[in-house]
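S.K.: build me a model:
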Amino acid sequence: MRRKDREITDKNAIENFIAQEQILRIGFYDDGDIYIVPVNYGYSYNNGFYSFYFHGAKAGRKYELAKKHPVVGFEIDGKYQLLEGNAACDYSAFFQSVIGNGKLFLVEDINEKITALNTIMRQTTKKEAWDYDRHMLETVAIFRIDVMNMSCKAR
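M.R.: Model prediction:
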């Protein structure tokens, strides 16, 4: 990170930020192109190790790229507040962001799918436990990103 004065290394501050936000942007490699998709997410943090979960269809570009190129980049941003200036170049902003990369897995185990969907729903609604139809669990694609590298920055 170029601006070390803006780096956040406090693990609690990073997790609090991730817990507050709603959208994770994932960058897939697509044979010379980059495909970025925003998704709702849930996460787990165990022994200093993050995993992000999201869901989608078992078809389409995101699903095919997850199988073809499982290393992805990701980004979460928030806390944006414009800082006005007298000239265009004097404008700036307060913000916070997390950027990283990880290995993407398709979750097949029904119990892990339930855990993943509950983490996604907790992130969105703050409600802990949900009931899921067996057919839905079998037809939905659940993705897990195991984080390899991650940094957090704020102004």
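S.K.: which residues does the residue nearest the centre of the chain bridge with?
M.R.: Nearest residue to the geometric centre of the chain (Cα atoms, centre = their mean): L24, 3.5 Å. Taking DSSP bridges as the rule, L24 bridges to V39.
S.K.: what's the pLDDT at A93?
M.R.: What the model reports as pLDDT for A93 is 68.
S.K.: now the strands for the protein?
M.R.: With DSSP state E, the ranges of strands along the chain come out as 7-8, 23-30, 33-40, 42-46, 49-56, 71-83, 92-107, 141-154.
S.K.: compare those strands and report which one is nearest to F17.
M.R.: Nearest to F17 among the strands of the chain is strand 92-107 (5.4 Å), distances taken as Cβ to Cβ. Bear in mind the C-beta positions are built from the backbone N, C-alpha and C, glycine included.
S.K.: now the angle from the longest helix along the chain to strand 141-154?
M.R.: What stands out as the longest helix in the chain, according to DSSP state H, is helix 110-125. Here helix 110-125 runs at an angle of 40 degrees relative to strand 141-154 (axes from the mean of the first three to the mean of the last three Cα atoms, to 10 degrees).
S.K.: give me the nearest residue to Y53, chain neighbours excluded.
M.R.: Spatially, and ignoring its direct neighbours in sequence, Y53 is nearest to A116 (4.0 Å; Cβ to Cβ, 6 or more residues apart in numbering).
S.K.: quick one: low-confidence parts of this structure?
M.R.: Scanning the chain for pLDDT under 70 picks out 1-6, 93.
S.K.: tell me how far the residue nearest to Y53 lies from D77.
M.R.: A116 is 23 Å from D77, where distance means Cβ to Cβ, to the nearest Å.
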